[in-house]
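> 3D, please:
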Amino acid sequence: MKKLHYTLFLFFLVFKISGQNVQVNIITRQNDTIKEFRLKKDYLFENLMVLDLEKKLAVVNAKGEKREFLPNEVKSFSFTRENKRVEFIAIDDNLFGLLMYSNKLKLLKVIKPGYTTVNFYVIVRPNNGKTSFMEAMGLGRLISKKVISREITDCPIILEKVENKILKISGEEGVIELIKEYESNCF
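As a prediction, the model looks like this:
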């Protein structure tokens, strides 16, 4: 009986993943919007989605024709996943990053695969400013003080808050709070 339940569970899981086609809105470099494509697959986990979509966007149209878009061809693309809007933005025409926060500053997430995957949080400053890549290491996926002081050199208030442990960065929520503080104090 357990084998039957397990088999049914796997069947429905595969059916769910392969059966969903998600509408994608693509913004080209010329600011044109393309809405005729759908994602070829759905993703169970956010990190798998980021890994798969950061190098290229693979989509299919209603006729079943496949197309790939690279970061140098597209400004951004978005879709709805689990009733939440998900947006990826091209970073320096090299890769796509998952948008985590956007106001004056943008915070994006990319993942470097390897023996141990490493999350990188990317700060995109306004007016074609410097793009910063901050690697999150360790069990708690924390960004170290050393990395923060290397990438946020233009805001001594933030560096002081981090050094004095007034601002603690733990997990993705902590990274978002860091960027909000950075934005409110220095932009």
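
> what's across from the residue nearest to the spatial centre of the chain in the sheet?
Centroid-nearest residue in the chain: L98, 1.7 Å away (criterion: C-alpha atoms, centre = their mean). As for beta bridges, L98 partners with F88, K109 under DSSP bridges.

> I figured it was touching N119, is that so?
No. Judged on C-beta atoms under 8 Å, L98 makes no contact with N119 at a distance of 10.2 Å. Using the backbone N, CA and C atoms, a C-beta is placed for each residue, glycine as well.

> Overlap in contacts, these two.
Common contact partners of L98 and N119 (C-beta atoms under 8 Å, 6 or more residues apart in numbering): 109-110.

> ok, how many other residues are close to the nearest residue to L95 once chain neighbours are set aside?
The shortest distance from L95 to any non-neighbouring residue, by C-beta to C-beta, 6 or more residues apart in numbering, is to E54 (4.8 Å). Neighbourhood size, E54 [other C-beta atoms under 10 Å]: 23.

> Next, work out how far apart E54 and D32 are.
Counting by C-beta to C-beta, to the nearest Å, the separation of E54 from D32 is 22 Å.

> can you check I91 too?
For I91, the distance to D32 - C-beta to C-beta - is 20 Å.

> neighbour-wise, which of those two wins?
Legend: neighbour count by other C-beta under 10 Å for I91 and D32, higher for I91 (19 against 9).

> give me phi/psi at the more buried one?
phi -110, psi 120 (degrees, to the nearest 10).

> close enough to count as contact, it and V110?
Yes. Using C-beta under 8 Å, I91 is in contact with V110, at 7.2 Å.

> Can you pull the residues that touch both of the two?
With C-beta under 8 Å, 6+ apart as the test, I91 and V110 both reach 97, 122.

> Now do the contacts for V24.
V24 makes contact with 35, 37-39, 57, 59, 77-79, according to C-beta under 8 Å, 6+ apart.

> can you put those in CSV and add distance to V24?
Formatted as CSV, those follow (distance: C-beta to C-beta, whole Å):
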residue, distance to V24
K35, 8
F37, 5
R38, 6
L39, 6
L57, 7
V59, 6
F77, 6
S78, 7
F79, 5
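
> immediately after the helix or strand of the chain with the lowest mean pLDDT, which helix or strand?
Within the chain, no helix or strand scores below helix 2-19, which has a mean of 47 by mean pLDDT, DSSP states H and E. Remark: after helix 2-19, the chain's next helix or strand is strand 23-28, criterion DSSP states H and E.

> Lovely, talk soon.
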